[in-house]
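Asker: Sequence and predicted structure below; questions after.
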Amino acid sequence: MSECTMQHPSEDLPQRTAGQLLSERGLLKGAVAAKVEERLVDLSSALAEGMTVEPVPGESEEGLDVLRHSASHLMAQAVCRLFPGTKLGIGPAIKDGFYYDMQIAGQLTEEDLPRIEKEMARIVNEGLAVERVLLPREEALALFKERGESYKEELIRDLPDEQISCYRQGEFIDLCRGPHVPNTKMLRHVKLLSVAGAYWRGDEKNAMLTRVYGTAFASAQALEDYLKRIEEAKRRAHQKLGKELDLFSIQPEGPGFPFFHPKGMVIINTLVDFWRKEHLRRGYCEIRTPLILDRDLWIRSGHWDHYRENMYFTKIDDRDFAVKPMNCPGGMLVYKSQLRSYRDLPLRMAELGTVHRHERSGVLHGLMRVRCFTQDDAHLYVTPEQIKDEILGIMDLMHYVYNDVFGFKYRVELSTRPEKAMGDPVMWEKAEQALQEALEEGGVSFKINPGDGAFYGPKIDFHLEDCIGRTWQCGTIQLDFQMPEKFDITYVGSDGAQHRPVMLHRTVFGSLERFFGILIEHFAGAFPYWLAPVQVKLLPVKDAHLPYAREVETMLRGWNVRVEKDLRDEKLGKKIRDAQLQKVPYMIVLGDREVETRSLSVRERTKGDLGSLSPDSFRELLREEFSPL
């Protein structure tokens with residue numbers, strides 16, 4: 001990134017802005033904001049002597065955030081023009097776009113979006129300057145009260161600032177910290193996407209507002225590429241494919257509680273078989289802990305104070321119990337069930353544990369956000385000296401699963417101490433340092449995610465990138481000095497004294513349900529051969545060919561191939577098309593010639609007709625298919 005430094009100005013010259021200095025250095029083109037001393041600011045921000053300035057290009061990650069935040073204001077201004085009396089909520093930039101929550105006079109639907117976009121284009125062509133205005137607190141309250149913006153008044157009252165930051169463009173003014181683009185003419189590549197409802201400040205007790213989603217990019221090509229990806233994402237939607245391929249369903253009797261159908265269970269069980277085999281190979285043992293445990297356990301673990309609103313409760317024999325939202329406290333009890341020695345460590349305990357978490361109905365989303373799911377948990381108990389090697393071992397497992405087996409690219413984030421955290425900050429600092437050193441030694445590039453750690457420890461998160469460029473947070477490694485203290489777990493060291501182990505929490509899939517949903521969308525339902533619920537479909541041409549079809553079926557089952565017959569009274573072309581739509585890897589057509597020659601006419605779902613093969617040749621073909629099992 002190019003940068004420049006503000007030299008001492010002459011006393012008779014006005015103070016220059018970040019934009020002016022970048023312009024003088026030939027660095028302004030394409031910039032939507034600036035970085036001054038590593039702080040993101042408007043291009044109109046005044047500079048002091050010696051300040052270092054960098055341009056923030058519109059296509060950069062930070063630049064896109066600025067563009068999208070500014071586009072949310074642009075959209076809100078257009079809505080206010082078209083729907084007088086609209087009250088503004090909040091309008092942040094989000095991943096891949098922006099939204100604005102508004103209380104709109106009248107009903108706004110997706111049919112209104114083209115009209116709003118047309119008004120946005122007018123505002124862009126007006127070339128309105130976007131200016132930051134600092135107002136004294138009481139003046140800001142009076143301004144928004146006069147404009148009837150009660151939600152803005154509420155936000156200002158919650159701010160500690162005596163000077164309130166606002167942004168004005170033409171007749172529109174909004175409460176905002178910024179930064180923003182300097183002029184609306186920089187917002188030409190914007191698209192509105194959808195309309196939804198959202199409770200004010202996410203509280204179901206508050207008013208329901210209208211949320212309009214959109215996106216913005218620095219170029220027309222980038223916007224066009226993104227819109228193509230959205231269309232492809234709709235085609236790959238796991239809810240849609242889950243129904244078409246008969247994999248799973250969400251029933252009204254169980255909102256947030258998925259039902260897996262026979263074909264879906266084949267995939268789930270195959271994932272579990274792979275998981276178990278790989279963990280056995282890497283020195284893990286498997287445990288299972290109860291679904292319901294006494295409330296006192298959750299008080300001891302800290303979940304009662306930090307996670308209670310997401311938990312379900314029940315009474316048994318007049319005692320209070322909780323349905324587990326996490327597996328770790330039960331795992332601690334397994335560790336404590338016997339005396340442990342330093343010779344037992346590292347102890348790697350894995351668990352496919354079903355957990356329940358209360359999610360608000362508005363955030364439930366297919367298999368991606370559910371109330372009941374199975375975590376592929378593991379808890380590793382290690383000495384301080386073993387931490388780095390164990391983390392490196394986990395990262396090696398992650399890379400094998402994500403990249404080698406499923407073909408995902410991924411990126412890594414290190415999340416640090418949150419505001420509400422258990423334990424001594426000094427221990428947190430040690431834990432964060434241990435994770436960072438392991439990442440650096442492993443040669444893994446990573447990004448710091450400040451304040452996003454778990455309440456009991458920092459973590460490394462793995463974000464998978466699917467084949468159309470979307471990212472999904474799946475695996476995590478969490479380093480925990482807190483829970484071993486709370487549960488008073490120890491091991492006998494080589495010196496004969498009691499020592500405290502360090503605990504590593506770890507998932508690879510994250511949850512079986514969510515990972516399944518990601519795989520559906522990543523593969524567009526066309527699962528690789530080893531994972532496909534039906535691997536071979538037999539297509540007898542006539543009833544006379546059924547005996548041979550049954551013979552072939554028996555042979556394939558003997559090879560542990562998942563096989564089905566299509567016995568419908570349909571034309572062969574339709575049977576082939578239907579098998580293609582069901583995304584079956586191999587189809588075998590059985591007609592007079594195949595019966596006579598005891599051969600197989602094989603079709604592959606992407607390559608088409610492979611010709612006539614002997615059973616032995618087909619078996620060799622299947623053996624060449626990749627499988628981690």
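Answerer: Looks like it came in fine.
Asker: Show me the helices in the stretch 101-250 of the chain, by range?
Answerer: Taking DSSP state H, counting those that start in this stretch as the test, the helices found in the stretch 101-250 of the chain are 113-126, 137-146, 150-158, 220-236, 238-244.
Asker: buried ones in the second one?
Answerer: This means helix 137-146. By 16 or more other CB atoms under 10 Å, the buried positions in helix 137-146 come out as Ala140, Leu141, Leu143, Phe144. The C-beta positions use only the backbone N, C-alpha and C, and glycine is treated the same way.
Asker: Which strand or helix spans Arg276?
Answerer: helix 262-281 (DSSP states H and E).
Asker: Can you list the neighbours in contact with that helix?
Answerer: Under the contact criterion CB atoms under 8 Å, 6 or more residues apart in numbering, helix 262-281 has outside partners 242, 245-248, 260, 286, 348, 350, 352, 376, 378, 397, 400-401, 405, 508-509, 512, 515-516, 519, 527, 530-531, 533-534, 562, 628-629.
Asker: Buried by neighbour count, from these: which ones?
Answerer: By 16+ other CB under 10 Å, the contacts of helix 262-281 give 242, 245, 247-248, 260, 348, 350, 352, 376, 378, 397, 401, 405, 508-509, 512, 515-516, 519, 527, 531, 533-534, 562, 628 as buried.
Asker: Can you flag which of the residues you listed belong to helices?
Answerer: Gly242, Leu397, Leu512, Phe515, Phe516, Leu519 (DSSP state H).
Asker: quick one: which of these is nearest Thr52?
Answerer: Taking CB to CB as the measure, Leu397 is the one of these closest to Thr52, at 41.9 Å.
Asker: Run through the residues that contact the closest one.
Answerer: Leu397 makes contacts with Glu278, Arg282, Val508, as judged by CB under 8 Å, 6+ apart.
Asker: That one and Ala196, how far apart?
Answerer: 38 Å (CB to CB, to the nearest Å).
Asker: Can you report how many residues lie near His261?
Answerer: His261 sits with 15 neighbouring residues when counted by other CB atoms under 10 Å.
Asker: got a list of what it touches?
Answerer: His261 makes contact with Asp246, Leu247, Phe248, Ser249, according to CB under 8 Å, 6+ apart.
Asker: Of all the helices and strands in the chain, which has the lowest average confidence?
Answerer: strand 4-5 (a mean of 58; mean pLDDT, DSSP states H and E).
Asker: Could you identify the helix or strand that succeeds the longest helix along the chain?
Answerer: Assignment by DSSP H gives helix 61-82 as the longest helix of the chain. Moving toward the C-terminus from helix 61-82, the next helix or strand (DSSP H and E) is strand 87-88.
Asker: which two of the ones in helices among the buried ones among the contacts of helix 262-281 lie the greatest distance from each other?
Answerer: Gly242 and Leu397 (27.9 Å).
Asker: neighbouring contacts of the helix or strand harbouring Gln580?
Answerer: Per DSSP H and E, Gln580 falls inside helix 572-581. With contacts defined as CB under 8 Å, 6+ apart, helix 572-581 is touched by Glu244, Lys537, Leu539, Val541, Asp566, Arg568, Glu570, Met587, Val589, Arg603, Arg605.
Asker: repeat that with 6 Å
Answerer: Residues from elsewhere that reach helix 572-581 (CB atoms under 6 Å, 6 or more residues apart in numbering): Lys537, Leu539, Val541, Asp566, Met587.
Asker: quick check: angle from whichever helix or strand comes after it to helix 572-581?
Answerer: Reading on from helix 572-581 to the C-terminus, the next helix or strand found by DSSP H and E is strand 586-590. Interaxial angle, strand 586-590 versus helix 572-581 (axes from the mean of the first three to the mean of the last three CA atoms, to 10 degrees): 160 degrees.
Asker: strands paired with strand 586-590, and their directions?
Answerer: Neighbouring strands of strand 586-590 in its sheet, by DSSP bridges, are strand 536-540 (parallel), strand 600-604 (antiparallel).
Asker: how far does the next helix or strand after it sit from the chain's center?
Answerer: On the C-terminal side of strand 586-590, the nearest following helix or strand under DSSP H and E is helix 592-597. Centroid separation for helix 592-597 versus its chain: 51 Å, with CA atoms, centre = their mean, to the nearest Å.
Asker: With mean pLDDT and distance to Pro55 added, can I get the helices of the stretch 101-250 of the chain in TSV?
Answerer: TSV is the format used below for these (pLDDT from 0 to 100; distance: least, CB to CB, whole Å):
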stretch	mean pLDDT	distance to Pro55
helix 113-126	97	22
helix 137-146	94	31
helix 150-158	94	31
helix 220-236	93	18
helix 238-244	95	40
